[in-house]
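Colleague: would you be able to build a 3D model of this:
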Amino acid sequence: MDLRAYKCWFEFLKRSERYKECCAQGGTGELASLYEDFGNIHAAGLLWEDWWASHEQLFSGIEPLFVLNEIQSVEDFNFLWEEDQEDLLALVINLYAPKETILNAVEEAVARLQLELRRKENEIIKKDNPKAKVTERFGRPKLDPSFYHRYGLTPVPSSADLKVLDRVLEVYDCCTKDGQQLPKNRDDWFEKALDLGIMVEASSKSKMQYAPPSLAEERLQRAEKIKRYFRQAKEIIENVEKGIFPMHNG
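Modeller: From the prediction side, this is the model:
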């Protein structure tokens, strides 16, 4: 798993004023339960690497809510996959095949591999305790609570998602630094977009079907884009206060 996702989580939590207040109060207040796990991330001189070294155990390598992820590129595959990873199954599916045929084939592959994992687990159990009773009845491996930790990415962000999240964080910092007031109107938002170099890229289809936007339309689009980024940042911060990342409404 790409650690950038967890560093991004850490950075968004640092932007929470409520959590900052909790840290200043020694872990008391509304977010006290979150503090018990994440600790004082605002401690003087604390670096992400140092915090991660002592808090990595909070997170799972495979997320509790992660069942299936679509792979759109080799980069996405490498982001999720690790060598000798028995808990994941990678499939290449021919979408021109009948749906029922696809589902049956997937079911057979999953059942076979889950049974293999269950048998391996049983071998370990019998080795430790020859008198132990084991079963292959359901095939699926037993859930190991120590593996599915308390916090997990919801959903697992792709490399492209992480680039957007970095941009969203950059927008939030630009709009809130030094206690400045937020932009009041469309022109103010456009100026922020201009400062950060935020552009609006038209799809290939749109370029073919529509004329390029006028300067006024482009200003509006760029202003709306940075406003959307800022709104997403606020939603993400609200979610990390609940122990959820990076889910937002878009």
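Colleague: what sits against residue 76?
Modeller: 69, 158, 159 (Cβ atoms under 8 Å, 6 or more residues apart in numbering). Placement of C-beta: from N, CA and C, glycine included.
Colleague: look up how far residue 246 lies from the second one.
Modeller: Shown here: residue 158 relative to residue 246, a distance of 11 Å by Cβ to Cβ, to the nearest Å.
Colleague: for those two, indicate the residue with more neighbours.
Modeller: Neighbour totals were compared for residue 158 and residue 246, and residue 246 leads with 23 against 20 (other Cβ atoms under 10 Å).
Colleague: contacts only, for the more buried one.
Modeller: 5, 8, 9, 12, 153, 154, 157, 161, 165, 236, 239.
Colleague: re the thing from before, reformat the contacts of residue 76 as CSV; add distance to residue 107.
Modeller: Formatted as CSV, the contacts of residue 76 follow (distance: Cβ to Cβ, whole Å):
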residue, distance to residue 107
69, 19
158, 26
159, 30
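Colleague: out of these, flag the one nearest to residue 220.
Modeller: Using Cβ to Cβ, residue 158 is the member of these that lies nearest residue 220, at 28.9 Å.
Colleague: isn't the closest one right next to residue 71, touching?
Modeller: No. Counting by Cβ atoms under 8 Å, residue 158 sits too far from residue 71 to count as a contact (9.0 Å).
Colleague: what segments of the chain are strands?
Modeller: For the chain, the strands defined by DSSP state E cover 153-154, 245-246.
Colleague: just say which of those is most tucked in.
Modeller: Ranked by mean neighbour count, the strands of the chain are led by strand 245-246 with a mean of 23 (mean count of other Cβ atoms under 10 Å).
Colleague: partner strands of it and their direction?
Modeller: strand 153-154 (parallel) (DSSP bridges).
Colleague: how about the strands of the chain, which one is nearest residue 100?
Modeller: That would be strand 153-154 among these, by Cβ to Cβ, at 31.0 Å.
Colleague: now do the phi/psi pair for residue 198.
Modeller: Phi and psi for residue 198, reported as degrees, to the nearest 10, are phi -80, psi 120.
Colleague: hang on, it packs against residue 223?
Modeller: No. Using Cβ under 8 Å, residue 198 is not in contact with residue 223; the gap is 9.3 Å.
Colleague: which of those two has more residues huddled nearby?
Modeller: The neighbour count for residue 198 versus residue 223, taken as other Cβ under 10 Å, is higher for residue 223 (23 against 20).
Colleague: give me the below-cutoff pLDDT ranges for the protein.
Modeller: 1, 60-67, 83-85, 134-150, 202-211, 248-250 (pLDDT under 70).
Colleague: show residues contacting stretch 170-188.
Modeller: 15, 189, 191-192, 195-196, 198, 219-220, 223, 226, 229-230, 233-234, 237.
Colleague: try it again with 6 Å
Modeller: With contacts defined as Cβ atoms under 6 Å, 6 or more residues apart in numbering, stretch 170-188 is touched by 189, 192, 196, 223, 226, 229, 230, 233.
Colleague: between the two ends of it, how far is it?
Modeller: Terminal residues of stretch 170-188 lie 17 Å apart, using Cα to Cα, to the nearest Å.
Colleague: buried ones in stretch 182-194?
Modeller: 183, 189, 190, 192, 193 (16 or more other Cβ atoms under 10 Å).
Colleague: from those residues, which is closest to residue 109?
Modeller: Nearest member of those to residue 109, counting by Cβ to Cβ, is residue 193, at 47.7 Å.
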